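# Okay, predicted coordinates and the sequence, questions at the end:
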Amino acid sequence: MVLVTVCGILMYSAYIEVREIDIDRLNAEQLIFAEQASRNIKKHFDRYFNILEHLSKNQHIIGLDNNGKHIMTSFYEAHKHEIHSITLVDNNGKCIYSTPYNANIIGSDLSSQEHVQKLLQDHKPVLSDVFKSIQGIDSIAFHIPIFLEGTFHGSLGILISFDHLARDSLEDIKIGGEGYAWVISRN
């Protein structure tokens, strides 16, 4: 009987040790996957930051002439698989122009949106949390301030498809072979 008890204790101890090793391995894998997804998402936003920063200095966009509208439309057409729209916002937070064109959005006051409030206050690039856009789509807004002769003039922003971003960055991640990744916002 003592031998059975000792064997049972040894087997249970081995089980606990193997379980802890498996949990540590799974946690290490999750950390690697999270770091990989984080790098992919950061690259995504870095790319858009560079493009939007360049576009925000374009005099045709700032002045919103026909060439500026054409540039915004061309940008949208080239990226419509990833973004919902590109929008020019004035220094009070009102939408001046948006591509694709939607008459219901033009003139809309966006200043009540948290990320627009932060932009209007700080005059620095801002990335929103996931929110339901005026178009009713789960999106992330990314705005770059526009300055004209050193004075804050508004912003150029894009609505990034949250579904596309999540799918592109997380789709291939399988936790423990069969699990899946979740996205949790900073808030």
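Good, I have the coordinates.
# can you pull the contacts of the most centrally placed residue in the chain?
With distances taken as CA atoms, centre = their mean, residue 140 lies nearest the centre of the chain, 5.1 Å away. Neighbouring residues of residue 140 by CB atoms under 8 Å, 6 or more residues apart in numbering: 127, 128, 129, 130, 131, 159, 160, 162, 165. In short, each C-beta sits where N, CA and C put it, glycine included.
# same question, residue 114
Per CB under 8 Å, 6+ apart, neighbours of residue 114: 128, 129.
# and the helix or strand where residue 71 lies, what does it pack onto?
Assessed by DSSP states H and E, residue 71 sits inside helix 66-79. For helix 66-79, the elements it packs on are helix 2-55, helix 59-62, strand 83-90, strand 95-99, judged by 3 or more CB pairs under 8 Å, 6 or more residues apart in numbering; DSSP states H and E.
# Nearest residue to residue 87 in space, please, no chain neighbours.
In space, and not counting its chain neighbours, residue 87 is closest to residue 98: 4.3 Å by CB to CB, 6 or more residues apart in numbering.
# Next, the contact list for the one you found, please.
If a contact means CB under 8 Å, 6+ apart, then residue 98 has 85, 86, 87, 88, 105, 106 as its contacts.
# Specify which member of those residues is nearest to residue 46.
residue 86 (17.5 Å; CB to CB).
# where's that closest one relative to residue 149, distance?
Distance from residue 86 to residue 149, counting by CB to CB, to the nearest Å: 23 Å.
# So which of those two has more stuff around it?
residue 86 (25 against 5; other CB atoms under 10 Å).
# quick one: the more buried one and residue 19, what's the gap?
51 Å.
# How about residue 26?
Between residue 26 and residue 19 the computed distance is 11 Å (CB to CB).
# Comparing those two, which shows the higher neighbour count?
residue 26 (13 against 10).
# picking that back up, quick one: which of the helices and strands packed on helix 66-79 has the weakest pLDDT on average?
Among the helices and strands packed on helix 66-79, helix 2-55 carries the lowest mean pLDDT, a mean of 75.
# before we move on, back to that, how far away is the residue nearest to residue 87 from residue 16?
59 Å.
# and what of residue 119?
53 Å.
# ok, these two, which is more surrounded?
residue 119 (27 against 10).
# so that one makes contact with residue 141?
No. Counting by CB atoms under 8 Å, residue 119 does not reach residue 141; the two are 9.3 Å apart.
# what is in contact with these two at once?
Shared contacts of residue 119 and residue 141 (CB under 8 Å, 6+ apart): residue 126.
# Convert the C-alpha atoms of stretch 99-118 to PDB, please.
Presented in PDB, the C-alpha positions along stretch 99-118 are these (Å, rounded to 0.1, in the frame of the first residue of the first chain):
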ATOM      1  CA  THR A  99     -13.800  60.200 -50.400                       C
ATOM      2  CA  PRO A 100     -15.800  58.300 -51.300                       C
ATOM      3  CA  TYR A 101     -18.000  61.300 -51.500                       C
ATOM      4  CA  ASN A 102     -21.000  61.100 -49.200                       C
ATOM      5  CA  ALA A 103     -23.200  64.300 -48.900                       C
ATOM      6  CA  ASN A 104     -24.300  63.200 -45.400                       C
ATOM      7  CA  ILE A 105     -20.800  63.400 -44.100                       C
ATOM      8  CA  ILE A 106     -19.700  66.700 -45.600                       C
ATOM      9  CA  GLY A 107     -20.300  69.400 -43.000                       C
ATOM     10  CA  SER A 108     -20.600  66.900 -40.200                       C
ATOM     11  CA  ASP A 109     -19.200  68.100 -36.900                       C
ATOM     12  CA  LEU A 110     -16.700  65.400 -35.800                       C
ATOM     13  CA  SER A 111     -15.500  67.400 -32.800                       C
ATOM     14  CA  SER A 112     -17.400  65.400 -30.300                       C
ATOM     15  CA  GLN A 113     -15.400  62.300 -31.200                       C
ATOM     16  CA  GLU A 114     -12.700  61.700 -28.600                       C
ATOM     17  CA  HIS A 115      -9.800  61.400 -31.100                       C
ATOM     18  CA  VAL A 116     -10.800  64.600 -32.900                       C
ATOM     19  CA  GLN A 117     -11.000  66.400 -29.600                       C
ATOM     20  CA  LYS A 118      -7.500  65.300 -28.800                       C
END
